[in-house]
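[1] build me a structure from this.
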Amino acid sequence: MENKEIFLQPVVSEKSYALANESNKYIFLTTAKVNKIEIKKAVEKKYKVKVESVNTLVRPGKAFRDWESRRYFRKGDKRKAIVTLKRGDKIDEFLNI
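    Residues are numbered from 1 along each chain as shown. Predicted coordinates for the structure are as follows:
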């Protein structure tokens with residue numbers, strides 16, 4: 001496995017706050033080419049917590065049209081990761097955004 005910087009963007013919404021407070025799950029956006037193992041290692045390294053599981057889903061990129069050339073394009077896909085932490089661990093930076 002190569003040494004690469006993984007982009008982790010916390011998702012700030014009412015649903016993500018409710019999941020963080022109720023069931024200790026945090027939601028992050030990453031690039032589509034990152035797998036669960038890499039996400040787990042990146043979260044543990046960045047926030048110094050213990051990750052129990054990672055669930056992922058792919059958010060397709062939004063389609064748009066270039067009106068001059070009349071062609072359709074699509075932005076890049078994003079991977080949404082729902083990270084479950086060990087009981088007692090919290091990410092304080094996530095709740096202070």
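
[2] list the contacts of the lowest-mean-pLDDT helix or strand in the chain.
    Using mean pLDDT, DSSP states H and E, helix 92-95 stands out as the lowest-scoring helix or strand of the chain, at a mean of 76. With C-beta atoms under 8 Å, 6 or more residues apart in numbering as the test, helix 92-95 has contacts from 10, 17, 20, 26, 47. The way it works is simple: take the backbone N, C-alpha and C, and place the C-beta from them, glycine included.

[3] A strand includes the third one, no?
    No. Looking at residue 20 with DSSP: H, G, I helix; E, B strand; the rest coil, it is helix, so not inside a strand.

[4] list the contacts for it?
    Residue 20 makes contact with 26, 90-91, 94-95, according to C-beta under 8 Å, 6+ apart.

[5] max-length helix in the chain?
    In the chain, assigned by DSSP state H, the helix with the most residues is helix 36-47.

[6] which sections of the chain are below the confidence cut-off?
    Low-confidence segments of the chain, defined by pLDDT under 70, are located at 1-3, 97.

[7] neighbours of residue 47, how many?
    Residue 47 sits with 18 neighbouring residues when counted by other C-beta atoms under 10 Å.
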